[in-house]
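Visitor: what shape does this take:
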Amino acid sequence: MSSESKLATSSAAKSHRQASASQESSSSSQSSQSSPSSSPAACDLDDGSWEVDDSWPLYQSENCPFAREETMCAKYGRPNQDYAKLRWVLAGERGNPNSGTGDGAGEGGEKCSLTKITGSNLCRRVAGHRIAFVGDSLSQNAFESMACLMHRFAGMPEVRVERHRDRMYHWPNCNLTVAFSFHQFLSEVAWNKVQVSDGGAIQLDQSGKRWTKHIKAFDTFVINSGHWWSERQLTRYNITFAPPHESLDFLQAYRRALNTTLSEFLHPKLANKQVFFTASAPSHDIHGLCPENKFIKKGDTKRVNRMRLPWTVEKNEVLVDVVRGFEQKQAQGASGFQGARIKLLDMYNVTLYRQEAHPSTYNARGIWDCLHYCLPGVPDVWNEILLWQMEIEKSIRVRV
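Guide: The predicted model follows:
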């Protein structure tokens, strides 16, 4: 974000301050409606299944000015759009008449359920937040989903800053700012020239300046990185590791970059911020093709395991280990780990079943895409899970 974004950020911040007074008085009455009473330990995100919801999709990508052509599958001729009607339903949600309509738990807090995003609750749930998505094109996939949801239920943002691949939108009617910063490696990269294909050197001990300079401006960060961290991608784009780390393999370098990124948030003055680090979404690329017919049903272990592609699994193992390490240190009150609350948001297993939800060849370029996801679709569920976790973390802060 450039000097243009500073002006927009200032405008958005002013709107936040103006709205905060009126919202503060109502926040206590809303907290009883919006704080989930189930503890995170009691809610197993993986314990669920994909089920048809006739109220979905919540929007059409052709009507959303923020969706990229690469993810507008219906526009480019995809005949079967059942993929857009599936929601992730937690085990405790099934058979509960109140499921999906509360705010994080079943009636009485006895069961876990994801709160469905609706026009009547979305503004209330995001009010007062400044959310930044940081990472690669899958993070952009999630950001554009959030922007489309907001556009559907709150209209066009009043402030709109777009520079290269970075975006920032502000909805004063919901007192919400959402931004995206494209940093596929999270670390600073000394590019040889302007084009990525010209190569560059990743500085593993320095996070990207373009996103870290805005840490103070946002209260919630949703960060991802992973798909660019492979020997194939690094070699393809002539990317190396800057001294003194040139001899590291890509997994060792990835681990170091993750530690550097999370360390950016370890400062007592950042204690009011929340960081969600998301595990890499699975690719369903089998020999250059992705299945289009149907999603994998719960219990189909053989097909699920077939989609646990080694190059994705090994990077996620590194990511989970690093983020869990920070979580544990913070839980123990370890010296030097005070700051923003760091949380792993692992939706890998949830997404693994959705082999049919990719653009495939139904996109603007007409090439096989088994990495990103159609909009509307899976990224909308990612954001439903994100809002659920934001409410859980908020309730923990209140109790503490």
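Visitor: contacts and neighbour counts: CA atoms only from here.
Guide: Will do.
Visitor: how about low-confidence regions in the chain?
Guide: Applying pLDDT under 70 to the chain flags the ranges 1-42, 94-111, 194-197, 287-288, 292-293, 397-400.
Visitor: which stretches in it count as helices?
Guide: 3-34, 122-126, 137-154, 209-212, 231-236, 250-263, 301-306, 310-331, 348-352, 378-399 (DSSP state H).
Visitor: any idea how far Gly199 lies from Ile392?
Guide: Applying C-alpha to C-alpha, to the nearest Å, the value for Gly199 to Ile392 is 42 Å.
Visitor: surely Met156 and Pro172 touch.
Guide: No: the criterion here is C-alpha atoms under 8 Å, and Met156 misses it with Pro172 at 10.2 Å.
Visitor: of the two, who's got more company?
Guide: Using other C-alpha atoms under 10 Å, the more surrounded residue of Met156 and Pro172 is Pro172, with 21 against 17.
Visitor: wait, the more buried one sits on Glu158?
Guide: Yes: assessed by C-alpha under 8 Å, Pro172 is found in contact with Glu158 at 6.8 Å.
Visitor: any idea how far Lys193 is from Glu246?
Guide: In terms of C-alpha to C-alpha, Lys193 sits 20 Å off from Glu246.
Visitor: so which of the two has more stuff around it?
Guide: Glu246 (14 against 10).
Visitor: list the contacts of the more buried one.
Guide: Thr240 (C-alpha atoms under 8 Å, 6 or more residues apart in numbering).
Visitor: quick one, what contacts the closest residue to Lys343 other than its chain neighbours?
Guide: Spatial nearest neighbour of Lys343, excluding adjacent residues (C-alpha to C-alpha, 6 or more residues apart in numbering): Phe276 at 5.0 Å. Counting by C-alpha under 8 Å, 6+ apart, Phe276 touches Thr220, Phe221, Val222, Ile223, Ile342, Lys343, Leu344, Leu345.
Visitor: ok, now Gly377?
Guide: Pro57, Tyr83, Ala84, Lys85, Leu86, Ala357.
Visitor: so of these, which ones are in strands?
Guide: If you go by DSSP state E, these have Leu86 in strands.
Visitor: would you list the contacts of Gly377 in a markdown table and tack on neighbour count and distance to Ser139?
Guide: As requested, the contacts of Gly377 are exported to a markdown table (neighbours: other C-alpha atoms under 10 Å; distance: C-alpha to C-alpha, whole Å):
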| residue | neighbour count | distance to Ser139 |
| --- | --- | --- |
| Pro57 | 19 | 20 |
| Tyr83 | 24 | 20 |
| Ala84 | 22 | 19 |
| Lys85 | 18 | 22 |
| Leu86 | 22 | 20 |
| Ala357 | 31 | 16 |
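Visitor: okay, stretch 139-158 in PDB with CA atoms only?
Guide: The C-alpha coordinates for stretch 139-158 follow below in PDB (Å, rounded to 0.1, in the frame of the first residue of the first chain):
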ATOM      1  CA  SER A 139      -5.000 -15.600   0.600                       C
ATOM      2  CA  GLN A 140      -6.300 -13.400  -2.200                       C
ATOM      3  CA  ASN A 141      -9.000 -16.000  -2.900                       C
ATOM      4  CA  ALA A 142     -10.200 -15.700   0.700                       C
ATOM      5  CA  PHE A 143     -10.000 -11.900   0.700                       C
ATOM      6  CA  GLU A 144     -12.100 -11.700  -2.500                       C
ATOM      7  CA  SER A 145     -14.700 -14.000  -0.900                       C
ATOM      8  CA  MET A 146     -14.900 -11.700   2.100                       C
ATOM      9  CA  ALA A 147     -15.200  -8.600  -0.200                       C
ATOM     10  CA  CYS A 148     -18.000 -10.300  -2.200                       C
ATOM     11  CA  LEU A 149     -19.900 -11.200   1.000                       C
ATOM     12  CA  MET A 150     -19.600  -7.600   2.200                       C
ATOM     13  CA  HIS A 151     -20.700  -6.300  -1.200                       C
ATOM     14  CA  ARG A 152     -23.700  -8.600  -1.200                       C
ATOM     15  CA  PHE A 153     -24.900  -7.600   2.200                       C
ATOM     16  CA  ALA A 154     -23.400  -4.100   2.700                       C
ATOM     17  CA  GLY A 155     -23.100  -2.700  -0.800                       C
ATOM     18  CA  MET A 156     -20.000  -1.000  -2.300                       C
ATOM     19  CA  PRO A 157     -17.300   0.200   0.100                       C
ATOM     20  CA  GLU A 158     -16.900   3.900   0.600                       C
END
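Visitor: in that stretch, what counts as buried?
Guide: 139-154, 156-157 (16 or more other C-alpha atoms under 10 Å).
Visitor: from Val378, how far out is Leu262?
Guide: 26 Å.
Visitor: more neighbours: those two, which one.
Guide: Remark: of Leu262 and Val378, Val378 carries more neighbours, 26 against 19, as counted by other C-alpha under 10 Å.
Visitor: returning to what we had before: return the most buried member of the helices of the chain.
Guide: With neighbours taken as mean count of other C-alpha atoms under 10 Å, the helices of the chain reach their highest mean count in helix 137-154, at a mean of 23.
Visitor: now that helix: how far from the chain's centre is it?
Guide: Per C-alpha atoms, centre = their mean, to the nearest Å, the displacement of helix 137-154 from the mean C-alpha position of its chain is 10 Å.
Visitor: helices and strands around it, which ones?
Guide: helix 122-126, strand 130-135, strand 176-182, helix 378-399 (3 or more C-alpha pairs under 8 Å, 6 or more residues apart in numbering; DSSP states H and E).
Visitor: nearest to Thr351, of those?
Guide: Of all the helices and strands packed on helix 137-154, helix 378-399 sits nearest to Thr351, with 7.5 Å by C-alpha to C-alpha.
Visitor: how near is the nearest residue to Asn363 once chain neighbours are set aside to Trp368?
Guide: Excluding its sequence neighbours, the residue lying closest to Asn363 (C-alpha to C-alpha, 6+ apart) is Glu70, at 4.7 Å. Distance check for Glu70 against Trp368: by C-alpha to C-alpha, it reads 11 Å.
Visitor: Ala334 too?
Guide: In terms of C-alpha to C-alpha, Ala334 sits 47 Å off from Trp368.
Visitor: from Ser263, how far out is Ser395?
Guide: For Ser395, the distance to Ser263 - C-alpha to C-alpha - is 25 Å.
Visitor: that older thread, who does the residue nearest to Lys343 bridge with?
Guide: Val222, Lys343 (DSSP bridges).
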